[in-house]
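Participant: Here is a sequence with its predicted model. Questions after.
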Amino acid sequence: MDSNFSEEKLMKIEAQAAVREISFAVEFVEISTKLPNTDERAYMNIRTKEGTKFCVELTVQGYRIVGSQFDNTDDTTDVSDSIFYETIYALLDQHSPKYRLTFGETLAGKLQCLQQVQGNEETTEVQ
């Protein structure tokens, strides 16, 4: 890999992907423009469908909630007590029942569409 392709870019790319992937199932999500995104971490602001706000930190250790307001890391957050999640989905699954519901409904809808397409293809082949 090119040495100019820094971890910062990798963290930012992963954070951007997470924003795109969860936007359908949360009320609001963005990469923080006020907190420093470095080669070791990126920050995201998330508001769940329940209206709960989080500032989420992404590091090589995973995703963790570091604040209860946008662009704010609570000084009271003890790193040793923080729960790191391997994926943004796991974090939201734990903290947002409406995320879990929306995710399930969206998945079921996509599976139903796929089933209808396959059924139409089978019908066309029989004729």
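Facilitator: Sure thing, it's come through. Residues are numbered from 1 along each chain as shown.
Participant: any idea how far residue 19 is from residue 86?
Facilitator: For residue 86, the distance to residue 19 equals 17 Å [Cβ to Cβ, to the nearest Å]. For glycine as for every other residue, the C-beta is placed from the backbone atoms N, C-alpha and C.
Participant: Show me which residues of the helix or strand of the chain with the lowest mean pLDDT are buried.
Facilitator: Ranked by mean pLDDT, DSSP states H and E, the helix or strand of the chain with the weakest confidence is helix 97-126, at a mean of 81. For helix 97-126, a neighbour-count test (16 or more other Cβ atoms under 10 Å) marks 98, 99, 102, 103 as buried.
Participant: Next, the contact list for the third one, please.
Facilitator: Taking Cβ atoms under 8 Å, 6 or more residues apart in numbering as the contact definition, residue 102 lies against 24, 25, 49.
Participant: Which one of residue 86 and residue 19 is surrounded by more residues?
Facilitator: residue 19 (17 against 10; other Cβ atoms under 10 Å).
Participant: Understood, closing this out.
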